[in-house]
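Colleague: Here you go, sequence then predicted model.
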Amino acid sequence: MHDKKNKYQNWRYLGAGILIFCIVYLADNYFESSRPDDGLGLSESELTVLIDELDRTKGARDNKVKKMPDFTEFSSVTVKKRAFFAYLLPEIERQNEITLTLRKAIYAMQSQVTAEQALTPFAQSLLTTLRKNYRVEKSFDDKQALAVLSQRVDMIPPELVLVQAANESGWGTSRFARKGYNFFGLWCFTKGCGFVPRQRDEGADHEVARFSSLSNAVKTYIRNLNRHYAYQELREIRSQLRQQNKPVTARALVQGLQNYSERGQDYIDELVAMMRVNKKHMNL
């Protein structure tokens, strides 16, 4: 009886070992098949960003960030402002880094398409994802799609993101920011997708979006500016600066936010004033 028990245990250990080997083997092969070739000209860290970004579009976990401070408890305005900027800035910079890596990959793919080189399966998968995420016309061929993406996939200056977040969320004190990480006043249009505004016009069906994390909120905000038709002017300003080899600044791009608020130019003027007053607190 004892020998049979030992034999059974040995078979269990062998089976477990084979299972672990298979899992590691399949995972390793999946990872290798997912990596782009050297044609994209990206570093190992940049390739990792792309792979992670593709995983994130399929529901991968958000980046861990520090707990949100309770901005209603600060008695000092200066301390509150610095805490607010310090909380948001790392994630803003991270999302911009991801966006610029995607942009670099887009230019690499443009070079390949122009040279009539076939895109690798990984690059084609990345392009398909970018087409969807940035709402490129389905009828466009790869060359046309990449031209559109080269204008849409680009960074948003942190200074602009920070002052918009402060303006839209009341320095992080709004219930949308505190309960749903929505620092940017972003709307959604599916019932139950967010918060129902207390003063919503009769007949309106929009809600104020609720996000699962700061990471998701900042990513959505940047992508919104980069793909929504209402912010085409912002993207054109940025594109012109790129063509002229000039820095992409918050002071330049803020002029493309006429449609972000019903207040129009008054809203832009307020953001400019906030930049001037609060730049010293941003640690940029």
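Modeller: Thanks, I have the structure now. Numbers count the residues shown, from 1 in each chain.
Colleague: Which other helices and strands does the helix or strand where K219 lies contact?
Modeller: Using DSSP states H and E, K219 maps to helix 214-227. Applying 3 or more C-beta pairs under 8 Å, 6 or more residues apart in numbering; DSSP states H and E, one finds that helix 214-227 makes contact with helix 77-114, helix 158-169, helix 232-243. The C-beta positions use only the backbone N, C-alpha and C, and glycine is treated the same way.
Colleague: how far away is S239 from L127?
Modeller: 20 Å (C-beta to C-beta, to the nearest Å).
Colleague: higher neighbour count, these two?
Modeller: L127 (20 against 15; other C-beta atoms under 10 Å).
Colleague: now that one: how far from T101?
Modeller: Taking C-beta to C-beta, one finds L127 at 15 Å from T101.
Colleague: now do D154
Modeller: 12 Å.
Colleague: what's the overlap in contacts for those two?
Modeller: Residues touching both D154 and T101 by C-beta atoms under 8 Å, 6 or more residues apart in numbering: none at all.
Colleague: Return the set of residues that bridge with the residue nearest to T190 when sequence neighbours are not counted.
Modeller: Leaving aside its chain neighbours, T190 sits nearest to E207 (7.9 Å; criterion: C-beta to C-beta, 6 or more residues apart in numbering). Per DSSP bridges, the residues bridged to E207 are C188.
Colleague: pLDDT wise, what is E207 at?
Modeller: pLDDT for E207: 80.
Colleague: Surely it and G185 touch.
Modeller: No: under the criterion of C-beta atoms under 8 Å, E207 is not in contact with G185, lying 11.8 Å apart.
Colleague: Compute the first-to-last residue distance for stretch 68-80.
Modeller: 12 Å (C-alpha to C-alpha, to the nearest Å).
Colleague: whoops, stretch 274-284 was the one
Modeller: 15 Å.
Colleague: Which residues are in contact with the residue lying closest to L40 once chain neighbours are set aside?
Modeller: Nearest residue to L40, sequence neighbours excluded (C-beta to C-beta, 6+ apart): A108, at 4.2 Å. By C-beta under 8 Å, 6+ apart, A108 lies in contact with G39, L40, G41, L42, A123.
Colleague: Now do the first one, the pLDDT please.
Modeller: This means G39. 69.
Colleague: just to revisit the earlier point, identify the farthest-apart pair in the contacts of A108.
Modeller: G41 and A123 (11.5 Å; C-beta to C-beta).
Colleague: These two: which has the busier surroundings?
Modeller: More crowded of G41 and A123, by other C-beta under 10 Å: A123, with 22 against 12.
Colleague: Isn't that one up against S111?
Modeller: No: at 11.3 Å, A123 does not count as touching S111 under the criterion of C-beta under 8 Å.
Colleague: right, and the helix or strand after the host helix or strand of L130?
Modeller: Here L130, judged by DSSP H and E, is contained in helix 121-133. Once the chain leaves helix 121-133, the next helix or strand it forms, by DSSP H and E, is helix 142-152.
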